[in-house]
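Trainee: model this:
(2 chains)
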Amino acid sequence: MPDEIRGKLTIFLGYAAGVGKTYQMMEEAQELKRQGRDVVIGYFEPHGRRDTIAKTEGLEMVPRRRIDYRGSFFEEMDTDAILHRHPQICVVDEFPHTNVPGSARLKRWQDVQLLLDAGIDVLTTMNIQHLESLNDQIWQITGIRVRETIPDWVMQQADQVVMVDLTPRALLNRLARGVVYSQEKAQKALENFFQESTLVVLREMALRQTAHEVEIRQVDYDAPGFQPQPNYRDEAEPATGPSDRILILVTPEPSSAMLIRRGKRVADYLQADCFAVTVSRESDLGDLPSRDREAVERHLNFARNLHIETRVLQGHDVAKTLVEFAHLNGVTHIFLARPRPSQWPVISGRSLVQQVVHSARDMQVTIAADRANRSQLQPA
Amino acid sequence: MPPVLRRRTPEELLEQVQAEEDYERRGRLKIFLGYASGVGKSFRMLDEGRRRHERGQDVVVGASQPKTTPEIETLLNKLEVIPLREVDGITVMDTPAILKRHPGVCLVDGLAYDNPPGSKHASRWQDVNELLEAGISVISSVNIQYIDELQERVFRITGKRVQQTVPRSFLNSADEIVVVDAPPEMSIVRSHDGSVDSASPAQKLSELREIALLLAADVVDRQLSSYLQRNGIPQTFGAQERIMVCITPRANGAPMVASGRRNADRFHGDLIVAYVRQPEITADDQAALERNLSIARAANAKIEILDGQDPIETLLKFAHEHGITQIFVGHSIREQWWERLTGTPLDRLIRGANDIDVRVFPH
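Mentor: I've put the predicted structure just below:
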């Protein structure tokens, strides 16, 4: 069997429902069809939007799969049917969607991986608030913990990320005219994401993320060995300086998830290597109470899902073991979580943060923010 | 931490009322921003005109580009067009005719066009200002290559310079700005306005695309800041990374500032170097401080000299009021002032930083 060339993924990125992602995706699909390409719709969520529905006219739709879950029927994308039909291009709406239990895969983006592996090009849509590494900032700004997330590496693997822009004012007008949601749903939306200041922040984040995605793809263009040269304005650190290596300390604390996201985001922007480790007396974490052990394993697993290499370090002294590992592995930068308030008063002896800061003499140490605190965007 | 609302003085309130009245009278300006010719700006502008016309707004086309496609032709046929005039072989927008017709909304393409010598305004974007002042709303489109302040950067990428430009301040004055973003590879791009500037290879177009997205993000950020200011809300969060490097006379400033610069560049964020003024300072320390500040200036950082009794509180207060997302501190600050304070100062800084990352640099 000849090697299948992986399909190309195009993501239409927006910052809220109703900015026109699906519409623009369908326009592109129609244009591709006009050019004679074999295009099908794998999944489409009409939301009752007439303009968008009109844009699907003439495009072949692969019927959805009905799934029986606890006596109710749910409809999901029929990945097997699409693979069987094997079009050149497949349109898949709502990339971050979580499949109903009982589906072959947990997430729609995993279904899309299968299509791409089979050499099918995919056009898809998502909003910025679904990007994993921004999850805490989104929570901080909107007060909403987004559950359906896309790991950053999935977006990085896309061939194109396209910003679908609409001004917040125009979006609010559309919402008021009932273009986006039904009246009842619109009212609810206005209370959540759809406050103008929130929309402005989300939009700025989407613009900056798209700019970043455009920038990291610039390496792909020219000859092999091409490296982008960022605009260094200071000569103290040469442009070809030593590459960064980031080490994240994972603990049973819930803040570990936040730390992993933030560490990975910084590593991605600095194009640095990234590791996550935990320190335990036993290499199988056997010394920890079972709840802590499960929490650590969950966090390490979360890190691996974000494509971070993980390790369990065996040692009694957390700071000493961590810093030794860091020195041996050329780590330039350690990420620690903020201590819990109960861990603050350190009258005798130093806190973990201080121990690490003192022993990691030639490394930077970041104590990551707790972005759980909601900010005050609205006028009081 | 609840936001602190500052009571405004009567003068400030009067000024605000005046500004609001002027604003109410003025037309609204909306600009579609593209990274190259042929990405679909003109189409988006005319299509918005068509939709508004269909919703009952009084829309006219004041100026369109000479080069059209069948799709654009179709849109133009659906709208009332005020013809361009020709003066000394140069096409100009007929501003007097538009003012006389006084529509609700006027569509104006080709913002950067110069008017012939002897015209009331030197450039078309100034004609647009006149329309706005007359209470006519304007929808327009512009390509970043025509933004005056971007000339050098665009030249470094494309090797080309344009003669006629629009100042960045005009873009900032827009009520709404929309980025028209589509990679040149997309088929839809080729179908709207013809083809994207085919002379530029993909790498160059990609760099221009990045500039357009970041420019739009900056304009949006200004709008957000002014919204927060108008409503008396402190900016306690960041849509954009803002790095604050804290220096002292004895701090090893160079690596911290260099790292701050590099991180800010990679995140396309802001770099601020902050110093809390110390009461008694030796001549040696003063000289060391000057060295650190000049390193900061060389790195193009924004320098903030802060005053306050308690340096840590002063830094934290500034950081929380200015949307700082990362604080960089050196070990050395411990020897400077932390020893005078009760408790461990690093813990105090971290505890107070709360929703800001703290990065500690080795000495």
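Trainee: can you give me the strands for chain B?
Mentor: B:29-34, B:59-63, B:80-81, B:85-87, B:90-92, B:105-108, B:137-143, B:176-179, B:242-246, B:270-276, B:302-306, B:326-330, B:357-361 (DSSP state E).
Trainee: could I get those as CSV with mean neighbour count and distance to residue A:71?
Mentor: Where you see a C-beta, it was placed from the backbone N, CA and C, and this is true even at glycine. Compiled in CSV, the strands of chain B are given as follows (neighbours: other Cβ atoms under 10 Å in any protein chain shown; distance: least, Cβ to Cβ, whole Å):
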stretch, mean neighbour count, distance to residue A:71
strand B:29-34, 24, 50
strand B:59-63, 24, 54
strand B:80-81, 13, 59
strand B:85-87, 12, 72
strand B:90-92, 16, 69
strand B:105-108, 26, 54
strand B:137-143, 25, 53
strand B:176-179, 22, 46
strand B:242-246, 26, 52
strand B:270-276, 23, 55
strand B:302-306, 13, 61
strand B:326-330, 25, 51
strand B:357-361, 24, 48
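Trainee: For those strands, please prepare CSV with the additional fields distance to chain A and mean pLDDT.
Mentor: Compiled in CSV, those are given as follows (distance: least, Cβ to the nearest Cβ, whole Å; pLDDT from 0 to 100):
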stretch, distance to chain A, mean pLDDT
strand B:29-34, 7, 95
strand B:59-63, 15, 96
strand B:80-81, 23, 96
strand B:85-87, 32, 89
strand B:90-92, 29, 89
strand B:105-108, 14, 97
strand B:137-143, 11, 95
strand B:176-179, 4, 94
strand B:242-246, 11, 95
strand B:270-276, 9, 95
strand B:302-306, 13, 95
strand B:326-330, 8, 92
strand B:357-361, 4, 93
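Trainee: tell me the contacts of residue A:334?
Mentor: A:246-249, A:322-323, A:326, A:356, A:360, A:363-366 (Cβ atoms under 8 Å, 6 or more residues apart in numbering or on different chains).
Trainee: Neighbouring strands - and their directions - for the helix or strand containing it?
Mentor: Element membership for residue A:334, per DSSP states H and E: strand A:333-336. Sheet pairing of strand A:333-336 (DSSP bridges) gives strand A:245-249 (parallel), strand A:364-367 (parallel).
Trainee: Quick one: closest of the ones you listed to residue A:59.
Mentor: Checking the strands paired with strand A:333-336 against residue A:59 by Cβ to Cβ gives strand A:245-249 as the closest, at 44.4 Å.
Trainee: got a winner among the contacts of residue A:334 for most neighbours?
Mentor: residue A:248 (29 neighbours; other Cβ atoms under 10 Å in any protein chain shown).
Trainee: re earlier: please convert the strands paired with strand A:333-336 to CSV, extending it with distance to residue B:143 and mean pLDDT.
Mentor: Shown next, in CSV, are those (distance: least, Cβ to Cβ, whole Å; pLDDT from 0 to 100):
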stretch, distance to residue B:143, mean pLDDT
strand A:245-249, 39, 96
strand A:364-367, 40, 94
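Trainee: Out of the strands of chain B, which is closest to residue A:304?
Mentor: Between those, strand B:357-361 lies closest to residue A:304; by Cβ to Cβ that is 23.5 Å.
Trainee: hang on, the earlier thing: would you format the contacts of residue A:334 as JSON lines with distance to residue B:331 included?
Mentor: Listed next are the contacts of residue A:334 as JSON lines, based on distance: Cβ to Cβ, whole Å:
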{"residue": "A:246", "distance to residue B:331": "20"}
{"residue": "A:247", "distance to residue B:331": "19"}
{"residue": "A:248", "distance to residue B:331": "21"}
{"residue": "A:249", "distance to residue B:331": "19"}
{"residue": "A:322", "distance to residue B:331": "18"}
{"residue": "A:323", "distance to residue B:331": "15"}
{"residue": "A:326", "distance to residue B:331": "17"}
{"residue": "A:356", "distance to residue B:331": "12"}
{"residue": "A:360", "distance to residue B:331": "10"}
{"residue": "A:363", "distance to residue B:331": "11"}
{"residue": "A:364", "distance to residue B:331": "11"}
{"residue": "A:365", "distance to residue B:331": "10"}
{"residue": "A:366", "distance to residue B:331": "14"}
